[in-house]
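[1] starting from these lines, generate the structure:
(2 chains)
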Amino acid sequence: MAGVSNAGVSSALYDPTVTDPTATAGNGRTRKRTERSRPRLGRTAILVISALYFIGPLVGSFWFTVDSDPVTGFTWSAYSQIFSVSGLWPSLQLSLLLAVATIALVFLLLIPTVIAVRLGSPRLRSVVEFTCMLPLVVPSIALTAGINILLRWGSDNLQPTPFWDTLVAIQNSSFPVVLLLAYVVMALPLAFRTLDAGMRALDVRTLLEAAQNNGASRTRAIFFVVLPNLRGAMLNAGMLTLALVLGEFTVSSILGYTPFAVWIVNGNAAGDGTVTTAVSLVSMVLTWALLLVLSLTGGRRSAAAKPA
Amino acid sequence: MSTIDPTAPVGAAGSDRSRRRLRSSLRQAAAGRLAVLPLLLFVAVAFGVPALAMAYGAFTTYAPGQPSHYTGGNLTTSLSGGYLTALLGSIKLSATAAGIATVAGLLLAQAVVTSRFEALRHAVLSASGVLANFGGVPLAFAFVATLGNNGVITTRLGLTSAGWDLYSFWGLVLVYCYFLIPLMVLSVIPALDGLRRQWREAAQNNGANSVQYWRYVALPVLTPSLLGGFVLLFGSAFAAYATAAAMVGSSIPLITLQIAEALNGNVSADASNIALAMSLDMVVISILVMALYLPLQRRSARWLV
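    I've put the predicted structure just below:
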């Protein structure tokens, strides 16, 4: 075996035509075909098993939604019931509302921050980085426990004070601000990293100087020059936050709200197994499609930007 | 159009300009801090206050109308009996799933990196990016519909009589790997790309076979990345709640499930302080995970420039 791979290496070393024609020159390194039949067989096996493992549950749950009952046989009824099943629309509405609010608040907090960090001192950057990574060490269930005890303490002690109305307002079930706060905290690490990466790709100082030399005020330069260049990163961060909020279950279920993911689980417990599985499958495929389109367009944009 | 006259004499305006530049840079630094302030305030309120309340509650008693007093009892309780079982169960589950996903992710990443097909690489990377951010309810449902008690594969193949049970330790490991493997692929592919072909060639010219190359060259270089990836996967499996809750309810002892039970008042009325103590246990473990992960990541970055 060693002899075979040695021969492969020497031919790859001395014969430049063995160079893999599909290897990218982008990373400055070309890969050569030194693998022989045994590794290739192993590789195929690994790829096939992985594909089965990752596609299997999707196909399986689709199969389950159309053909779970041996008596009725094949039926699309799980999908036609999606539009009539009770409680889906209000819960989806709540989730979407929370998602939009979370994305807005994340942008409002983070965009000035990433610009300031890019222009400011390294110390400012390390403070901000540390702050945004903090939520990573507190799992969302621990954060929920903290919020839960605060709300209980509030409802036991704040009744006679003017804060009572605030406490009631942030727990309003048609728009729970307390969930919004928790979601923004949970979205911070990923959103910061995404926006910061987008920002690092820009030469902000030059952009601002150029705009200001052309007579734009600093605010105007940020709004009309820097932000449009940050569009890709903003889209990315927004989509990741959207996916996070739509799928969020921990905080909302423990605090007693019924957004989308909680509705799915409750509906399943109530016996609408095929319908909730169908809803969850549809939501999953839609989210994936969204993220996939994003990653493909994002990849193409950065690839196109490279030579320039 | 420009307000700056490029022909202005430099010498006369020199000191004035440098003073102006100093003043403007000071103003910029102040503006920078001002721009960051809302974020810091927000994190202090929305994250700091609940976190402090959790830490405080873990060390105190709480009953409406009565003064709370300091106690170490919550933490002791959270580290004994069924609570300890749950903590250890979580650690065991996370370590097992992370270990399996590390190996599987490395194999998959290596298969992708050495593949001739660029399209395959793009497809796997995109899919991994999507799947790694994916867990929770839909994932649990997909597995339940496929391999649960009434799942299509289980019923078609009669797996239950063969001893298969998705709602078990190994069932959860199988499900967790679904989002852990993609995470591993994402974190190890840069490291695999950094393995120089020349290293393999040098090893082979010195007479090393494939196994020796991996044993003495590739794995030592990859070790920091692999360990860092393992720790990252461990942390993400350890904190997972939704997947387990939607799948097994509370039949498997896991610390996240125990915290939820205690918070929902299903255990006993005074369990909420124990829930806070368990949360503190989790935070301590997460901090340990981070303290391991960050140096490992820095170390792996050193080799793979």
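
[2] neighbours around residue 165, how many?
    You didn't say which chain, so I picked chain A. 10 (other C-beta atoms under 10 Å in any protein chain shown). Every residue, glycine included, has its C-beta placed from N, CA and C.

[3] my question was about chain B
    B:Asp165: 14 neighbours (other C-beta under 10 Å).

[4] same deal with A:Pro160?
    7.

[5] tell me where the model's unsure across the chain.
    Unless you meant another one, I'm taking chain A. Filtered on pLDDT under 70, chain A yields the residue ranges A:1-39, A:68-71, A:269-272, A:295-308.

[6] ah, I was thinking of chain B
    Within chain B, the segments meeting pLDDT under 70 span B:1-17, B:20-22, B:24-29, B:64-65, B:133-135, B:250, B:265-270, B:301-305.

[7] can you give me the distance of the closest residue to chain A within it to A:Leu281?
    Using C-beta to the nearest C-beta, the single residue of chain B nearest to chain A is B:Thr146, 2.8 Å away. Using C-beta to C-beta, to the nearest Å, we find B:Thr146 at a distance of 11 Å from A:Leu281.

[8] which residues do the two both contact?
    A:Ser61 (C-beta atoms under 8 Å, 6 or more residues apart in numbering or on different chains).

[9] list the buried residues of stretch A:121-136.
    Across stretch A:121-136, burial judged by 16 or more other C-beta atoms under 10 Å in any protein chain shown covers A:Leu124, A:Arg125, A:Val127, A:Val128, A:Thr131, A:Cys132, A:Leu134, A:Pro135, A:Leu136.

[10] apologies, that question was intended for stretch A:194-202.
    Those buried within stretch A:194-202 under the rule 16+ other C-beta under 10 Å are A:Thr194, A:Leu195, A:Asp196, A:Gly198, A:Met199, A:Leu202.

[11] OK, contacts around the first one?
    The reference is to A:Thr194. Taking C-beta under 8 Å, 6+ apart, one finds A:Ala233, A:Asn236, A:Ala237, A:Leu240 in contact with A:Thr194.

[12] quick one: which of the residues you listed is most hemmed in?
    Going by other C-beta under 10 Å, A:Ala237 tops those with 27 neighbours.

[13] that residue contacts A:Leu188, correct?
    No: A:Ala237 lies out of contact with A:Leu188 (C-beta atoms under 8 Å); the separation is 10.3 Å.

[14] now do the shared contacts for these two.
    In contact with both A:Ala237 and A:Leu188: A:Val106, A:Leu110, using C-beta under 8 Å, 6+ apart.

[15] would you reformat the contacts of A:Thr194 as a markdown table and include distance to B:Leu139 and secondary structure?
    Compiled in a markdown table, the contacts of A:Thr194 are given as follows (distance: C-beta to C-beta, whole Å; DSSP: H, G, I helix; E, B strand; the rest coil):
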| residue | distance to B:Leu139 | secondary structure |
| --- | --- | --- |
| A:Ala233 | 27 | helix |
| A:Asn236 | 22 | helix |
| A:Ala237 | 23 | helix |
| A:Leu240 | 17 | helix |
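
[16] now, the most widely separated pair of the residues you listed?
    A:Ala233 and A:Leu240 (10.7 Å; C-beta to C-beta).

[17] picking that back up, just the buried residues of stretch A:194-202: which are in helices?
    Among the buried residues of stretch A:194-202, the members found in helices (DSSP state H) are A:Thr194, A:Leu195, A:Asp196, A:Gly198, A:Met199.

[18] so where does the residue nearest to the third one when sequence neighbours are not counted fall, helix or strand?
    It stands for A:Asp196. Nearest residue to A:Asp196, sequence neighbours excluded (C-beta to C-beta, 6 or more residues apart in numbering or on different chains): A:Val114, at 5.2 Å. Take DSSP states H and E as the rule and A:Val114 turns out to sit in helix A:88-119.

[19] show the subsequent helix or strand relative to that helix.
    helix A:122-133.

[20] what's next to stretch A:84-103, contact-wise?
    A:82, A:174-176, A:179-180, A:183-184, A:187, A:238, A:241-242, A:245-246, A:248, A:257-263, A:267, A:272, A:275, A:279.

[21] which ones are touching residue 79?
    Since no chain was named, I'll use chain A. A:Thr65, A:Val66, A:Ala278, A:Val282.

[22] you answered for a different chain; I wanted chain B.
    B:Leu87, B:Asp281.

[23] likewise for the one 5 residues further on?
    If you count contacts by C-beta under 8 Å, 6+ apart, B:Leu84 has them with B:Ser78.

[24] pretty sure it is in a helix, no?
    Yes: read with DSSP: H, G, I helix; E, B strand; the rest coil, B:Leu84 is one of the residues of a helix.

[25] appreciated, that's everything.
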